[in-house]
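Trainee: need coordinates for the below:
(2 chains)
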Amino acid sequence: MSAPACSRAVVAAAGLGLAAWAAAAPVPDTLAERTRPCTACHGEQGRATRDGFFPRIAGKPAGYLFNQLVNFRDGRRANQAMTFLVKDLTDAYLLEMAGHFAALDLPYPPAVPVRSAAEAARGEALALRGDPARRLPACTACHGERLTGVLPAVPGLLGLPRDYLVGQLGAWRTGQRRAAEPDCMAELAQRLTGDDLVALATWLAARPLPSDAKPAAALPEPLPMRCGSQPPAAAR
Amino acid sequence: MRRILRRLLLALGGLLAVLCALVLWLDRPRAPQAGSDAPATSPDAVARGAYLARAGNCAACHTARGGAPFAGGVPIDTPFGVVYGSNLTPDPETGLGRWSAADFRRAMHDGRSRDGRRLYPAFPYPNFTRIPPADADALFAYLRSLAPVRQPNRAHAVRFPYDTQPALAVWRALFFRPGREPPDPARAPEWNRGRDLVHGLGHCDACHAPRNVLGATSRALELGGGLIPMQKWYAPSLAASHEAGVAGWPVDEVVALLKTGVAPRGSVQGPMAEVVFRSLQHLSDGDLRAMASYLQSLSSAPPEPHDPIVRERSQMARGAELYETHCAGCHGKQGEGAPGAYPALAGNRGVTLGTPTNLVRVLVHGGYLPATAGNPRPFGMPPFGHVLDDADMAALLTYLRGAWGNDAQPVWPVDVLRWR
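Mentor: Numbering: from 1, shown residues only, chains lettered A, B, ... in the order given. Below is the predicted model of the structure:
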């Protein structure tokens, strides 16, 4: 339709008392369009915003994202804003949304500078080696050697805001955040002290992303503990 | 002097005794309505009961989020304290395992527990008293068919004196009239069925009617709209053309709204999205048509006339600017919306309701329409609570309520603060 014809159509539609959408661009029939409520907080295409709390969701494993959406809907995670958005959505639709964000392959923002070197060193030791005396496995034992997560449902731990990491580890420790039983992260977080979790968050938030930031396809060893969020085959 | 005082006291005592007797007579124990004593077990009764449980949205109060179905534990916040939905599974210790069908009928029709205790009317037995005994029996058959879940009921946390049996007796004497309403012979069977669904199992007035200071719905049958207790949502009048009345709609559109959550002239949001998601979308077309037929017959009160509305020019200008930046991309430059995805805001009754409650909620928290078989992948409204401050939200909403022929009262930052 030429420009004058187009504007005539608008005038005609308005003249008939119809809405003027006749000439408006149609709404894209895409998941990107359907997930606008998500990107309002999680940033354009699900990248983290500079707001400092909302986590990046782009590129996380679909199984992880789906589990979280269901956890918000079914009361295992407590965030009123999230629960309100997903309360009346089906598993099928949530799975589609999770797949949409999982498939996005976008660059990460640069890591933030370390707040305290001593804190970071303590965090690094816990993350890479764990603490056998307290039966704490290394983060890498489940989240992958590069800490970028493992398919299908273990999330990466890098590129997340420090405040978010502190918030989540703390919520797990107090029972505010839960996952399907057996809830391995809840068990682990209860073995961490407050200082441990701050140190972990400090180190993780400052860690640069490896050149390949995608989740690993599989773990070399079985998971060190049973995790309800994982398909049974992945657990020992 | 002392004699007068003694007589006065005697008279007062007598009056009190008469009042007590009146309350006890009005709230006298009633035998359960006739029906079978043994729980029905036929697959038909169980299937029928499962359907009715959805029609009544029993799970809303008796299934905790992520919990075992009908094992209770859902907190229901009321102005009088918190009531917890009870365990309806057939566990003998913590559920309904020891109940008979007659016990269950009495609970539904007369609001008394198995031991005769009066139940809190948060359990909507003033509505359920209208359901036929056969439906109550089918519901019981369905509940008996569930796997028993051992989960003790949480003790209610209702304040004194509302937590006492005498207080409940007075409440019941004042506000509860047990019994079914006979069919209206002047109306079609479909209308009568719709009336019973709307006022019985559906308990629509629980939200769509105002409540008095004692929490009883007033003029329940009129469905004239009300603020939902303890929730910052207004359930609009179903009997007013300028709120959510559907008298002038084609019946198919009313059915579509109830079944899919969206129709050409409106969509459901907030608590009603949940009602469609968990309950109404599962009803048969016949039952939905019956409800539609009844809802369309409700009186269609016109809006009360009001003085011309004055809007501050600065608020409107700021609102227009914000609309252009944040809203026009989806809702259109003239508030015309995008069919199938984003609602029109021009001429939208949800935008011009007397109270801006729902508008504030939607702007702050965003939301999705319910994902239903008829609308499985809804588009959604992003939350703006972290993007705009209260003054900007008030300006934006004032603009929506005053632009493109909309004509509703302005919104002030204090309204946003109150309802966000």
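Trainee: point out where chain B drops to low pLDDT.
Mentor: B:36-39 (pLDDT under 70).
Trainee: from the centroid of it, which residue is nearest?
Mentor: Nearest residue to the geometric centre of chain B (CA atoms, centre = their mean): B:C207, 3.1 Å.
Trainee: from A:R76, how far off is it?
Mentor: Distance, B:C207 to A:R76, by CB to CB, to the nearest Å: 28 Å. In this view, the C-beta of every residue, glycine as well, is placed from N, C-alpha and C.
Trainee: how about the contacts made by the closest residue to A:G99 other than its chain neighbours?
Mentor: Nearest residue to A:G99, sequence neighbours excluded (CB to CB, 6 or more residues apart in numbering or on different chains): A:A62, at 4.8 Å. A:A62 is in contact with A:L95, A:A98, A:G99, A:F101, A:A102, A:A103, A:P152, counting by CB atoms under 8 Å, 6 or more residues apart in numbering or on different chains.
Trainee: closest to chain B out of those residues?
Mentor: Taking CB to the nearest CB as the measure, chain B lies nearest A:L95 of these, at 11.4 Å.
Trainee: and that closest one, its phi and psi?
Mentor: The phi and psi values for A:L95, taken as degrees, to the nearest 10, are phi -60, psi -40.
Trainee: now B:G329
Mentor: Reported as degrees, to the nearest 10, the phi and psi values for B:G329 are phi -60, psi -40.
Trainee: ok, it - how many residues close by?
Mentor: Using other CB atoms under 10 Å in any protein chain shown, B:G329 has 14 other residues around it.
Trainee: to which secondary structure element type does B:G95 belong?
Mentor: coil (DSSP: H, G, I helix; E, B strand; the rest coil).
Trainee: against chain A, how distant is it?
Mentor: Applying CB to the nearest CB, to the nearest Å, the value for B:G95 to chain A is 21 Å.
Trainee: how close does that residue sit to B:V46?
Mentor: In terms of CB to CB, B:G95 sits 17 Å off from B:V46.
Trainee: higher neighbour count, the two?
Mentor: Taking other CB under 10 Å, B:G95 and B:V46 do not tie; B:G95 has more neighbours (25 against 19).
Trainee: which residues does that one contact?
Mentor: Counting by CB under 8 Å, 6+ apart, B:G95 touches B:A71, B:N87, B:L88, B:T89, B:P148, B:V149, B:R150, B:Q151.
Trainee: by neighbours, which of those residues wins?
Mentor: Most neighbours among the contacts of B:G95, by other CB under 10 Å: B:L88, with 27 neighbours.
Trainee: residues of chain A that sit close to chain B?
Mentor: Within chain A, the residues that sit near chain B (CB under 8 Å from any CB of the partner chain) are A:19-21, A:24, A:26-27, A:33-37, A:39-41, A:51, A:73-76, A:81, A:84-90, A:92-93, A:96.
Trainee: contact partners for B:Y125?
Mentor: Taking CB under 8 Å, 6+ apart as the criterion, B:Y125 is in contact with B:A107, B:M108, B:H109, B:D110, B:G111, B:L119, B:F176.
Trainee: touching stretch A:65-85 from outside, list them.
Mentor: Contacts for stretch A:65-85 (CB under 8 Å, 6+ apart): A:37-38, A:41, A:57, A:86-87, A:89, A:91, A:94-95, A:97-98, A:101-102, A:153, A:171, A:176-180, A:229, B:64-67, B:365-368, B:380, B:383, B:385.
Trainee: buried among the residues you listed? Make that a PyMOL selection.
Mentor: Provided next is the PyMOL selection string for whichever of those are buried by 16 or more other CB atoms under 10 Å in any protein chain shown:
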select buried, (chain A and resi 37+38+41+57+86+87+89+94+95+97+98+101+102+153+171+177+178+179+180+229) or (chain B and resi 64+67+365+366+367+368+380+383+385)
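Trainee: which of the contacts of stretch A:65-85 fall in helices?
Mentor: Counting by DSSP state H, those place A:37-38, A:41, A:86, A:91, A:94-95, A:97-98, A:101-102, A:171, B:365 in helices.
Trainee: ok, the residues you listed vs B:R211, which is closest?
Mentor: Of all the ones in helices among the contacts of stretch A:65-85, B:R211 sits closest to B:H365, with 24.0 Å by CB to CB.
Trainee: can you pull up the most central residue in chain A?
Mentor: Mean-position check on chain A, CA atoms, centre = their mean. Result A:I57 at 3.8 Å.
Trainee: the closest residue to it other than its chain neighbours: neighbour count?
Mentor: In space, and not counting its chain neighbours, A:I57 is closest to A:G46: 4.2 Å by CB to CB, 6+ apart. When neighbours are counted by other CB under 10 Å, A:G46 registers 25.
Trainee: so what pLDDT did A:G46 get?
Mentor: At A:G46, the model reports a pLDDT of 75.
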